[in-house]
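*Asks:* Quick one: sequence plus predicted model below, questions after.
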Amino acid sequence: MDHIEVDGLRIGFERAGSGPPLVLLHGAFSDRRAWRRQLDDLADAFTVIAWDAPGCGHSSDPPETFRLPDYADVLAGLIDALELGRPHVLGLSFGGGLALELYRRHPHIPASLILASAYAGWAGSLPEHEVQARLARSLRDAERPPEEWVEEYLPGLFTDGVPQEMIDGFVEMMLDTRPAGMLPMLRGFAEADLRDVLPRIEVPTLLLYGDADLRSPLPVAEALHARIPGSRLVVMPGVGHGSNLEAPDTFNTHVRSFLSFLGSPSA
């Protein structure tokens, strides 16, 4: 576990392995710990960096006014400070939207994009009534202790029959959720509509989704696939929203295959 200051914020991150850099961006209600299997399994071929987004894990809380472009600028600052050159960027759920915002604001940074269980922002991928319902629920829950609401989110994140050990680990992360981190992230994602950047993406892009994902279902994946030139869509059978946790071997195989085909990015 390391820390670095970026734009006045203390950012926690974990790094493993050596080789072409691969930056991992977690979703809401989690932190770098969500990427444990990717840090362990992909470090033989890549320098894998998993950050704690501002307000999550060991990173300091952002201002209340923080929105998706601010997260993207801090991420760009981290990549520059760590001298990663042009890394591959893998984001899941909120992290996938953040990867798109990073490309919008700093298109010279990503060598490729891997968007897992991703949205073009909630406003860019979901009906307005669904966006407002999700945001209202999150605002209500932010006023309650996490132990009162965490388990209510699990049915939408994973399929039935996932190992209890995996669920327990994710619950442990969710219990560490801080309102000061949760609210800017979810408000920013509710406002985000990233559809305009999709046709402008000029780097190789992999879309990785589970066919049992109830939170970013296949129509969301298909809409991104239709708009991103040359993108590749891979659908994992029997896998839910938290695909990197629920099916890490399958997930990692697809990531490794995609990146190995591309070869090393130029710095």
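*Replies:* Now that the structure is in, tell me what you want to look at. Numbers count the residues shown, from 1 in each chain.
*Asks:* Kindly confirm my reading that residue 4 is in a strand.
*Replies:* Yes: under DSSP: H, G, I helix; E, B strand; the rest coil, residue 4 falls within a strand.
*Asks:* Is it bridged to anything, and to what?
*Replies:* Note on residue 4: beta-bridge partners by DSSP bridges are residue 11.
*Asks:* Give me the neighbour count for the closest residue to residue 175 other than its chain neighbours.
*Replies:* Sequence neighbours aside, residue 146 is the residue nearest to residue 175 in space, at 4.9 Å (criterion: Cβ to Cβ, 6 or more residues apart in numbering). No exception for glycine: its C-beta is placed from N, CA and C like everyone else's. Counted with other Cβ atoms under 10 Å, the neighbours of residue 146 add up to 18.
*Asks:* Isn't residue 146 up against residue 173?
*Replies:* No: in this structure, residue 146 is not within contact of residue 173 by Cβ atoms under 8 Å, at 10.0 Å.
*Asks:* what's the straight distance from one end of stretch 201-211 to the other?
*Replies:* 25 Å (Cα to Cα, to the nearest Å).
*Asks:* And the helices in the stretch 1-150 of the chain, which stretches?
*Replies:* 36-41, 68-81, 94-105, 122-125, 128-141, 150-153 (DSSP state H, counting those that start in this stretch).
*Asks:* what's in contact with the second one?
*Replies:* Outside helix 68-81, the residues that touch it by Cβ atoms under 8 Å, 6 or more residues apart in numbering are 4, 6-7, 9, 11, 13, 23, 25, 51, 53-54, 62, 87, 97-98, 101-102, 104-106, 109, 121, 185, 188-189, 191-192.
*Asks:* quick one, that helix and helix 94-105 angle?
*Replies:* 80 degrees (axes from the mean of the first three to the mean of the last three Cα atoms, to 10 degrees).
*Asks:* Just the buried residues of helix 68-81, please?
*Replies:* If you call a residue buried by 16 or more other Cβ atoms under 10 Å, then helix 68-81 has these buried ones: 68, 70-79.
*Asks:* Could you double-check that residue 99 sits in contact with residue 90?
*Replies:* Yes: applying Cβ under 8 Å as the test, residue 99 and residue 90 come out as touching, 7.3 Å apart.
*Asks:* Can you check which residues contact both of those two?
*Replies:* By Cβ under 8 Å, 6+ apart, residue 99 and residue 90 have these common neighbours: 25, 113-114.
*Asks:* Name the nearest of these relative to residue 168.
*Replies:* For the shared contacts of residue 99 and residue 90, the closest approach to residue 168 (Cβ to Cβ) belongs to residue 25, at 23.3 Å.
*Asks:* how many other residues sit next to the closest residue to that closest one other than its chain neighbours?
*Replies:* When the adjacent residues along the chain are set aside, residue 25 lies closest to residue 95, with 3.1 Å between them (Cβ to Cβ, 6+ apart). For residue 95, the count of nearby residues is 31 (other Cβ under 10 Å).
*Asks:* need the contact list for residue 95.
*Replies:* Residue 95 touches 24-27, 53, 116, 118, counting by Cβ under 8 Å, 6+ apart.
*Asks:* what does residue 44 give?
*Replies:* Neighbours of residue 44 in contact, by Cβ under 8 Å, 6+ apart: residue 17.
*Asks:* follow-up on the earlier one: make CSV from the contacts of residue 95 and add distance to residue 248 to it.
*Replies:* Shown next, in CSV, are these (distance: Cβ to Cβ, whole Å):
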residue, distance to residue 248
24, 13
25, 17
26, 14
27, 15
53, 21
116, 12
118, 18
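*Asks:* Export those residues as CSV, with columns for neighbour count and distance to residue 34.
*Replies:* Output for these, formatted as CSV (neighbours: other Cβ atoms under 10 Å; distance: Cβ to Cβ, whole Å):
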residue, neighbour count, distance to residue 34
24, 27, 8
25, 29, 10
26, 25, 5
27, 28, 7
53, 28, 11
116, 31, 11
118, 29, 15
